[in-house]
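*Asks:* just to be clear, the model below is a prediction. Sequence and coordinates:
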Amino acid sequence: MLDLHRTWSLAWKTLGARTAGDDLFTTLLARYDEPHRHYHSRQHLTECLEHFDAVRHLPTHAAEVEVALWFHDAVYDLYSSDNEARSADWARSACLQDGVPAEVANRVHALIMATRHTAVPTGLDEQVLIDIDLSILGTPPARFAEYEEQIRAEYAWVPGVLFRAKRRAILQSFLDRPTLYSTAHFRNALEATARDNLRRAMGLGLDAA
C-alpha cells in the first residue's frame, strides 16, 4: 500500500521546499476527505499517485507532476466552476511560501490548470498528468461503474434528466477524441478498456464505431 506521507514528503522536498510540508499534507488529506466528495476523494488521489509511481520515469519534471497530482482536486466546490484555478493558486502560493523557486511553482500551477481538460495536453509533463487523471476511464468495469455512481452522488442535487444529458455529453466528448491517452504507456494499457467502458455507459454496443 502506498505510504502517502512518505510519498508527499519526498515530492515536496524534491521541489526545493525548505520543510517536509507536514502541516500542508494534513490539510490536503482533510480536503480530500470532505464529506461531499464521493469520487474526488482520497481514493482518487491514491489511485492517481499509484499510477504515477509506475511512470515517474516518463515526465521531464517528475516532482512537479507529482505535487500537481496532490493539488489538482485540492479545492472541490460542487457549485463552483473555478476549482482548478483555486487549486492551482493554492499550490503556487504554498510552494513559494516554503521556498520553492518561482519557476518551479509556476510549472506546478500550469500543470494543475491543464486538468480543466479544455485543450489537448502539450508537453510530456502535461500528457502524463492528464493521462493519469483520466486513468479512471480505463479501469475494470466494476470500478468504472463505481466511479459513475460516485459522480452521480456528488451531483445528487442535479435533477436526473439534466444530469443524464450533461453526463452523456461529457462521455461522448471523450469517445469523440481520436485517442483518449497521449502517452504510449496509457494508450497501450487503458485505451481499449476505456472505450468499452464509455460505450457501455452510453448504452452503445461494444462493437460500436
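*Replies:* Yep, that arrived. Numbering: from 1, shown residues only.
*Asks:* quick one: distance of the worst-scoring helix or strand of the chain on mean pLDDT to the chain centre.
*Replies:* Within the chain, no helix or strand scores below helix 160-175, which has a mean of 92 by mean pLDDT, DSSP states H and E. Using C-alpha atoms, centre = their mean, to the nearest Å, we find the averaged C-alpha position of helix 160-175 to lie 19 Å away from the chain's own average C-alpha position.
*Asks:* which of the residues in the very next helix or strand once past that helix are buried?
*Replies:* In the C-terminal direction, the helix or strand that comes right after helix 160-175 (DSSP states H and E) is helix 184-201. By neighbour count, and taking 16 or more other C-beta atoms under 10 Å as the criterion, the buried residues in helix 184-201 are His185, Phe186, Arg187, Ala189, Leu190, Ala194, Arg195, Asp196, Asn197, Leu198, Arg199, Ala201. (Each C-beta comes from the backbone N, C-alpha and C, glycine too.)
*Asks:* so which elements touch the least confident helix or strand of the chain?
*Replies:* Based on contacts counted as 3 or more C-beta pairs under 8 Å, 6 or more residues apart in numbering; DSSP states H and E, the elements that helix 160-175 packs against are helix 141-154, helix 184-201.
*Asks:* report the residue ranges of every domain in this structure.
*Replies:* 1-133, 139-209 (automatic domain parsing).
*Asks:* could you identify which of those is most buried?
*Replies:* Sort these by mean neighbour count, taking mean count of other C-beta atoms under 10 Å, and domain 1-133 sits at the top with a mean of 18.
*Asks:* distance between the ends of that domain?
*Replies:* As for domain 1-133, its first-to-last residue distance stands at 20 Å under the measure C-alpha to C-alpha, to the nearest Å.
*Asks:* how far off centre is that domain?
*Replies:* For domain 1-133, the distance between its averaged C-alpha position and the chain's averaged C-alpha position is 8 Å (C-alpha atoms, centre = their mean).
*Asks:* now stretch 190-207
*Replies:* Relative to its chain's centre, stretch 190-207 lies at 20 Å (C-alpha atoms, centre = their mean).
*Asks:* got a list of contacts for that stretch?
*Replies:* Contact partners of stretch 190-207, identified using C-beta atoms under 8 Å, 6 or more residues apart in numbering, comprise 134-135, 137-141, 144, 148, 168, 171-172, 174-175, 179-181, 208.
*Asks:* mean pLDDT lowest where, among the domains of the chain?
*Replies:* Mean pLDDT across the domains of the chain is lowest at domain 139-209; the value there is a mean of 91.
*Asks:* tell me the centre residue of the protein?
*Replies:* Taking C-alpha atoms, centre = their mean, the centroid of the chain lies closest to Asp133, which sits 3.3 Å from it.
*Asks:* now His51, nearest residue through space, not along the chain?
*Replies:* Counting by C-beta to C-beta, 6 or more residues apart in numbering, Ile132 is the residue found nearest to His51 once chain neighbours are left out, at 4.6 Å.
*Asks:* ok so, going back, a markdown table for the buried residues of helix 184-201, including distance to Leu49?
*Replies:* Supplementary listing: the buried residues of helix 184-201 in a markdown table, determined by distance: C-beta to C-beta, whole Å:
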| residue | distance to Leu49 |
| --- | --- |
| His185 | 16 |
| Phe186 | 15 |
| Arg187 | 21 |
| Ala189 | 17 |
| Leu190 | 17 |
| Ala194 | 20 |
| Arg195 | 25 |
| Asp196 | 25 |
| Asn197 | 22 |
| Leu198 | 24 |
| Arg199 | 29 |
| Ala201 | 25 |
